Every structure is written in structure tokens, then in C-alpha cells.
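**Student:** A structural model of the following input is requested.
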Amino acid sequence: MNFYKEWRMLKWKFITILLIMIASAMIVVLTRNIAISALNSPQVQEYLKNSSKAMSQLLSEISTNFTYYSFTQWFGKSYIQLVAIFAAIMSFSSFSKEFSKKTIYLLAGRMSRWEIYISKTLTGYMAFAIIVASGGVAYYVTALLMGYHLQLQMILSWTFATTIGGLLLYQIGMYISILFKDQIKPLLLDIAVYVGLYITSMLKPTRFLNLFGYMAQNDLLRGKGINIFSTLIVCIICLLIFVGGYFQFKFKDL
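**Tutor:** Here you go, the predicted model:
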């Protein structure tokens, strides 16, 4: 298995995305006072007088409760959006790049298809998991340095759920990458799948497909633990796509 080769292919993409993730998490913490000042501006306060009670309570919670601010501005929003974007960027060229450049023939001449598949998949998993986890860790550390209080267990739960959900998105991207011999179609199809998941999550009959809702874990705000059943389902789906991806690659005409 050639993990080193796969790492060299991912290295610069990994470093760039890792730095963007860490910087994004830090910015959300560091700009909190600016955001609160904007919410307390005369224009916003005038708007709140004519808005619903629910909206007023929401903005009040964001202004006074740092945990709620963290959820609405990072863990339940921007963090998940970045993970989805980065999953597509990291995975769309995994196999399709080898196909388009015809380097897959060199790999197939030295390794079995299982070795190629597992090398690419595991290297990508590890790199992407580090990227996702860095978003939660960087946010927590920056918050501590700024003097804000957050429950470590809650941060770990959000980070864990987002990592598990992100790996499923990454696995979907890997599977799509096997289907095509160019690099544009996989990226476009990845985006289409994400949009489809978002739309189906808003419809009652297909609400069980709400992967992004699982990643947000808003029940943590109400003192509940992480949803173990949903976590198991996400892991099983990821495993099924992993197995399906291998057989798709095994029998693919190179």
C-alpha cells in the first residue's frame, strides 16, 4: 500500500484547507464583540421593536450567551458549511484525477485494486478527520484564550458529530470520483448531492436524511447527549458506500 504517495498528492491541499479551517474558527471567536455591537446598534434595536418575540429572544440569547453564540455562528452553521465544501474539494479528484491523467495504469501495475482503494480511502479519511477536528479544537482554544467559558464535553460532542457526518460526505465524494474519468463532473455531482440532502431535510417525508441536522446536534443546547442511534446509522451508511465504492472500482473498466 502506498500511503506516502497518497499523502504527497494531498499534502498541499490538506495544509491549505487546514489553515483555512483554523483561521475561520478563530475569526468567529475574535469578532464576537463586533457582532454583539452590531446587534446592539440603534438600527437593529429599532428593527427588534417591530419584529416577533421569537426573533427578539434569539438575538438576545446570541448577545448574552456565548454557548448559544457559538452554536448559531459556528458549530451549527459555518463549521458545517465549511466541512461540506472541504469534503467536496478533498474528495472529488481522488480517483478521477488518476483516470484523467492515466496514472491509474501505473498504480494498477504495482498494486492490487484493493490496495489502491484502501490507500486512497484511509489516507483521505485521516487527513479530512484532522481538518474537521481542527475546527472544533481551534474554536475551543481561542475561546479559552479570550476568556470565554464553554463546556468541553459539548464542544467534543459537536466536533465528533461533525467529523462523523463530514466523513460520510467525504465517502460520498470518493464514490462519485470513481464514476468519472474527468475532474469536473465529480465536483458538480458532489454539489448536486449536497443541495439534494439540504432540500430533502426540509421535507417531512424525507427528514430522516437530514445529515446536516445530525452534524449540528442542537439537542446539546437542551442538555441532551449526542444522538447515538443517528450516529450508528451514519456510520453504517458510510460503511455501505465504502464497500460499494470498492466493488465499483474493482470492476471498473480502466
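**Student:** where do the helices sit along the protein?
**Tutor:** With DSSP state H as the criterion, the chain has helices at 3-30, 32-39, 42-49, 53-64, 66-70, 78-91, 96-101, 104-110, 113-145, 152-179, 184-201, 211-216, 228-250.
**Student:** Throw the ones you listed into CSV and include mean neighbour count, mean pLDDT and distance to residue 222, thanks.
**Tutor:** Every residue, glycine included, has its C-beta placed from N, CA and C. Below are the helices of the chain laid out as CSV (neighbours: other Cβ atoms under 10 Å; pLDDT from 0 to 100; distance: least, Cβ to Cβ, whole Å):
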stretch, mean neighbour count, mean pLDDT, distance to residue 222
helix 3-30, 16, 91, 22
helix 32-39, 13, 83, 23
helix 42-49, 11, 67, 24
helix 53-64, 13, 72, 13
helix 66-70, 19, 91, 11
helix 78-91, 22, 94, 19
helix 96-101, 18, 83, 43
helix 104-110, 13, 74, 49
helix 113-145, 19, 94, 20
helix 152-179, 22, 94, 11
helix 184-201, 16, 84, 20
helix 211-216, 22, 89, 13
helix 228-250, 15, 93, 16
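**Student:** and the residue nearest to the spatial centre of the chain, what does it touch?
**Tutor:** The centroid of the chain falls nearest to residue 83 when counting by Cα atoms, centre = their mean (2.4 Å). Residues in contact with residue 83 (Cβ atoms under 8 Å, 6 or more residues apart in numbering) are 132, 135, 162, 165-166, 169, 215.
**Student:** How about it: what's its closest non-neighbour residue?
**Tutor:** Counting by Cβ to Cβ, 6 or more residues apart in numbering, residue 83 lies nearest to residue 166, which is 4.3 Å off, once chain neighbours are set aside.
**Student:** Likewise for residue 24?
**Tutor:** Residue 24's closest residue in space is residue 82 (Cβ to Cβ, 6+ apart), at 6.1 Å.
**Student:** outside of stretch 241-254, which residues touch it?
**Tutor:** 95, 99, 104-105, 108, 113-114, 116-117, 121, 168, 171-172, 174-175, 178-179.
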